[in-house]
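Participant: After the sequence you'll find the predicted model.
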Amino acid sequence: MPSFKIDTSTAVVFVATAPEPKMANKKTGERAVDRETNASLSTVGLLVSDEGEGNLYQVTVPETGLPEGLVPGMPVKVIGLKARDWENEFNGQKRHGISFRAVAITPAA
């Protein structure tokens, strides 16, 4: 499925929730990894405020793109943010949504 770039150049972005490991299989504890780089993936909650509107996004980021010490309330910059729609079927029920992925998150200057 195609992904779409998201321009955050005019947005103010804050960490809402600290990075947590993204799991491929919660039952076995298997960690999700990037298919291209084999880097472990984490999920970070980000509050993105732009043009008078604020939204909370759960963004997947490779560990190689996460600096130490990201804490809630910290202003950050998001590098390479993309959105992708998804759909799957689980136990006979179709589910769909939008997933967010970034190359890196860095502290704002």
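Facilitator: Right, received. Where do you want to start?
Participant: Report the contact partners of residue 80.
Facilitator: 5, 102-104 (CB atoms under 8 Å, 6 or more residues apart in numbering). All C-beta spots, glycine's among them, are computed from the backbone N, C-alpha and C.
Participant: Mind checking which of those residues are in strands?
Facilitator: Applying DSSP state E to the contacts of residue 80, the entries found in strands are 5, 104.
Participant: and residue 63, what are its phi and psi?
Facilitator: Main-chain dihedrals, residue 63, degrees, to the nearest 10: phi -60, psi -30.
Participant: my guess is it meets residue 44, correct?
Facilitator: No. Contact criterion CB atoms under 8 Å: residue 63 and residue 44 do not qualify, at 11.0 Å.
Participant: Which of those two has more residues huddled nearby?
Facilitator: Neighbour comparison, residue 63 and residue 44: the larger count goes to residue 44, with 24 against 15 (by other CB atoms under 10 Å).
Participant: Skip the chain neighbours and tell me the closest residue to that one.
Facilitator: In this structure, residue 44 finds its nearest non-sequential neighbour in residue 19, 4.8 Å apart by CB to CB, 6 or more residues apart in numbering.
Participant: Who are the contact partners of the residue of the chain most remote from its centre?
Facilitator: Centroid-distance maximum for the chain: residue 92 at 27.4 Å, with CA atoms, centre = their mean. Residues near residue 92 by CB under 8 Å, 6+ apart: none.
Participant: Next: residue 8.
Facilitator: 48, 50, 77-78, 81.
Participant: try it again with 10 Å
Facilitator: 46, 48, 50, 76-79, 81, 102 (CB atoms under 10 Å, 6 or more residues apart in numbering).
Participant: In strands only, show me these.
Facilitator: Per DSSP E, the subset of the contacts of residue 8 in strands is 46, 48, 50, 76-79.
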